[in-house]
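Undergrad: Fold the following.
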Amino acid sequence: KMKNIVSRFLFLMVLLISVFFSITNKTIVFATTQSNGSTGNYSFVVTSDPQFPWTDKTDNGISESESEKKSRSLQLIRNQYNSINNYTNSTRNTRMTIINGDITAYGHSDEWTTMKQEMQRLNTRVTFGLGNHDIENNFGGTWMNQAWERSYKNMYDALGSVPNILGSHAWREDYFLTTKFAGSLSYSFRLGNFRVIQAQNYPTMNLHTSGLLKYSLTGGVNWIQNQLEQAHRNNEPVLLNVHKPDSWSNNIPGYFRQMMEKYYDNGTLKAVFVGHHHKNLGKHASTTNFGKVPIYFSGSASQQTYLINEVRNNALFIYSVQQNNWSNKKLVDIISIDKKSTPEYNGAVVTLQSIIDPAVVVDWSQDVNAPSAIITYRAKWVNNQRWIMEKVDNTQNTYIFKSVQNPLIRLAESTQTANSNALTEASTVTNTRSHWELILVDSHPNGLVVTLRNRLSQKFLDIPNAELTAGTRLITYRHKNVTNQKFILNIQ
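TA: Residues are numbered from 1 along each chain as shown. Prediction:
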């Protein structure tokens, strides 16, 4: 009898103590910094909307049986992930695949089970976010909100395995007989040079469930602003992932847009990746929420599209992939990783190598019969083939190319013509004939690939007919997006 009394007393004490601590305890998860990723040359993939089960027919409103839809959706997802694996195998420096929302079609258990298995097929590290099909469209649509809560909890649990995580906006509150999971689920992590912020479906969502297990999806705008400010102070470039770029609820008009433009203008925010619109791919604008900040759609598994991102020469090269054919990727944009919108080369000494054959360079002729000619010549790395770049004040991305041999001599468009095309010359002119706008178009192991547009005529430096024979005089010509107008900026 005494033992029973003691046992009951101990049980009561333990219960009271546990209640006390549970009422006062709130556990914040992943609010600390982990190790940084290294920089250098690397790549990462951004895709979105595997949305199992969903197909190209679903996109077009064409009916198909449930079994056919699941089978075809699974094959489309596998085809895309196999393509990504083939790309990463070819580069061996791909650090991450980011799946930017709509993992499932409705958040059902079998959908999540399938997608967790499929994501394991990718041979890189994987991070993901939630989209409207995971965490918005299904709210109130299943018994006791099971699909919605499942998506929330799966994302919450996944935060524990995010590589190089810097912080997250998610926490758990334990009370007597109840537990609450709360926060916007936004998180940030280190990826090479970048602080990457995953803002989930969109950052102004506000949805809540009740029960012994409660889930509270709160707005994340202030947390994102704090992340951007930290990055700004630390001189870190930022990439932002948002699944749904438009049609936000609980959105204070203009507030998020102004924040985006502020950190874009000060050089912190470099790119915004979005999904949701399956047939959109590449660079677009969404002025309501992002203002002047360009956004980059990452396509969908159903449309066999995604983005490849390559970092080299201190710039981010964004490519689009169609039909899952990564070997035919198309350049979408080049973004400087520095604070400036494009790399700056003021004072740099360079050679201008032909992209057709980098052994051929832009040369100031030393022939006494053509002392002012600008010609093609085999690279000898001599001073008449080397140029000092001088930034033109108050003119965007515009430079003067001065000869290292004689800095009074500049690369300029001539008043002389050949076959109705303006020639180029080595000249002492100081007007816009010697001003060249630098336009980044690609990258090469020797440096960035550029075209040079003359500020006076708006025509481009051109090797006529791609003729690389020594002594071919360079001209200016209208833009044609051809290799004879592309030069490697090889910094000496």
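
Undergrad: Within the helices and strands, which one has Asp363?
TA: Using DSSP states H and E, Asp363 maps to strand 360-364.

Undergrad: Repeat that for Lys116.
TA: Lys116 belongs to helix 109-119, assigned by DSSP H and E.

Undergrad: do the same with Thr88
TA: Per DSSP H and E: helix 66-91 holds Thr88.

Undergrad: which strands and helices sit next to that helix?
TA: Contacts defined by 3 or more C-beta pairs under 8 Å, 6 or more residues apart in numbering; DSSP states H and E place helix 66-91 against strand 42-47, helix 56-59, strand 94-100, helix 109-119, strand 306-312. Every C-beta, even on glycine, is put in place using the N, C-alpha and C of the backbone.

Undergrad: repeat that for 7 Å
TA: Counting contacts by 3 or more C-beta pairs under 7 Å, 6 or more residues apart in numbering; DSSP states H and E, helix 66-91 packs against strand 42-47, strand 94-100, helix 109-119.

Undergrad: Serialize the ones you listed to JSON lines and add fields for distance to Ile374 and mean pLDDT.
TA: Formatted as JSON lines, these follow (distance: least, C-beta to C-beta, whole Å; pLDDT from 0 to 100):
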{"stretch": "strand 42-47", "distance to Ile374": "36", "mean pLDDT": "97"}
{"stretch": "strand 94-100", "distance to Ile374": "41", "mean pLDDT": "97"}
{"stretch": "helix 109-119", "distance to Ile374": "54", "mean pLDDT": "98"}
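
Undergrad: The chain: helices as residue ranges?
TA: 2-24, 56-59, 66-91, 109-119, 132-135, 146-158, 221-233, 255-265, 287-290 (DSSP state H).

Undergrad: give the contact list for the residue lying closest to Glu149 once chain neighbours are set aside.
TA: Closest residue in space to Glu149, ignoring its immediate chain neighbours: Tyr215 at 5.1 Å, by C-beta to C-beta, 6 or more residues apart in numbering. When contacts are counted by C-beta atoms under 7 Å, 6 or more residues apart in numbering, Tyr215 touches 149, 152, 181, 209.

Undergrad: Show me which of those residues is closest to Lys244.
TA: Lys244 has its nearest neighbour among those in Tyr152, at 16.3 Å by C-beta to C-beta.

Undergrad: Now render the contacts of Tyr215 as TSV, adding pLDDT, distance to Ser249 and neighbour count.
TA: Listed next are the contacts of Tyr215 as TSV, based on pLDDT from 0 to 100; distance: C-beta to C-beta, whole Å; neighbours: other C-beta atoms under 10 Å:
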residue	pLDDT	distance to Ser249	neighbour count
Glu149	98	19	21
Tyr152	98	17	26
Phe181	97	21	22
Thr209	96	17	19
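
Undergrad: what's the most distant pair in these?
TA: Farthest pair in these (C-beta to C-beta) is Phe181 and Thr209. Separation: 9.7 Å.

Undergrad: Now do Ser186 against Arg195, distance only.
TA: 12 Å (C-beta to C-beta, to the nearest Å).

Undergrad: Oh, that last question was meant for Leu177, not what I typed.
TA: Applying C-beta to C-beta, the value for Leu177 to Arg195 is 39 Å.

Undergrad: Quickly note the distance from the most centrally placed residue in the chain to Ile98.
TA: The centroid of the chain falls nearest to Ala271 when counting by C-alpha atoms, centre = their mean (5.4 Å). Distance, Ala271 to Ile98, by C-beta to C-beta: 12 Å.

Undergrad: is it true that Val332 touches Leu281?
TA: No. Between Val332 and Leu281 there is no contact under C-beta atoms under 7 Å: 8.5 Å.

Undergrad: and for these two, which residues touch both?
TA: Common contacts of Val332 and Leu281 (C-beta under 7 Å, 6+ apart): Ser320.

Undergrad: mind showing which ranges of the stretch 301-450 of the chain have poor pLDDT?
TA: Residue ranges of the stretch 301-450 of the chain with pLDDT under 70: 339-343.

Undergrad: Cheers, nothing more for now.
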